[in-house]
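Visitor: build me a structure from this.
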Amino acid sequence: MSLLELFVVVLVTGVALLNAGVPLAAWARSRDGRFVLLAGGNLALAALGGLWLWGQLPGSPPPYTEVQLPALSIVLVAVLLGLAATLWPRHV
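Guide: You can find the predicted model right below:
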């Protein structure tokens, strides 16, 4: 994996973890189950990033931890769209 791919994996994992915090805070206020589902989706994307990071550890990681830049780009777009959706101000 190149340095660019490693950077994108770390970015995906970090943004997904950060983005899980916003819905969890909203759930703590409102107890609306939709926020738990949104946080769960972000935590799943963070777990995927963690799996890809595991593929970068020295040794012989399993073959399913390999990742290529096109797949990383698609997941990064999904994570950034999720972040934009949770941070976009609500119109009341």
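
Visitor: contacts for stretch 29-36, please.
Guide: For stretch 29-36, contacts defined as C-beta atoms under 8 Å, 6 or more residues apart in numbering pick out 23-24, 26-27. C-beta: built from backbone N, CA, C; applies to glycine.

Visitor: state the pair within those that is farthest apart.
Guide: The distance between the two most remote of these (C-beta to C-beta) is 7.3 Å, for 24 and 26.

Visitor: how much space between the residue nearest to the spatial centre of the chain and residue 6?
Guide: Most central residue of the chain, judged by C-alpha distance to the mean C-alpha position with C-alpha atoms, centre = their mean, is residue 16 at 2.9 Å. According to C-beta to C-beta, to the nearest Å, residue 16 stands 16 Å off from residue 6.

Visitor: now residue 55
Guide: 10 Å.

Visitor: elements contacting the strand or helix carrying residue 76?
Guide: Residue 76 belongs to helix 69-87 when assigned by DSSP states H and E. Helix 69-87 is packed against helix 3-30, helix 33-54, with contacts defined by 3 or more C-beta pairs under 8 Å, 6 or more residues apart in numbering; DSSP states H and E.

Visitor: pull the distance from that helix to the chain's centre.
Guide: 8 Å (C-alpha atoms, centre = their mean, to the nearest Å).

Visitor: output it as CSV, nothing but the C-alphas.
Guide: The C-alpha trace of helix 69-87 is given here as CSV (Å, rounded to 0.1, in the frame of the first residue of the first chain):
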residue,chain,number,x,y,z
LEU,A,69,-7.3,3.4,-3.9
PRO,A,70,-10.6,3.1,-5.8
ALA,A,71,-12.4,1.3,-3.0
LEU,A,72,-10.9,3.8,-0.5
SER,A,73,-12.2,6.7,-2.5
ILE,A,74,-15.7,5.4,-2.6
VAL,A,75,-15.7,4.8,1.2
LEU,A,76,-14.2,8.2,1.8
VAL,A,77,-17.0,9.9,-0.2
ALA,A,78,-19.6,7.9,1.8
VAL,A,79,-18.0,8.9,5.1
LEU,A,80,-17.7,12.6,4.1
LEU,A,81,-21.3,12.7,2.9
GLY,A,82,-22.4,11.2,6.2
LEU,A,83,-20.4,13.8,8.1
ALA,A,84,-22.0,16.6,6.0
ALA,A,85,-25.5,15.1,6.6
THR,A,86,-25.0,15.1,10.4
LEU,A,87,-23.5,18.5,10.6
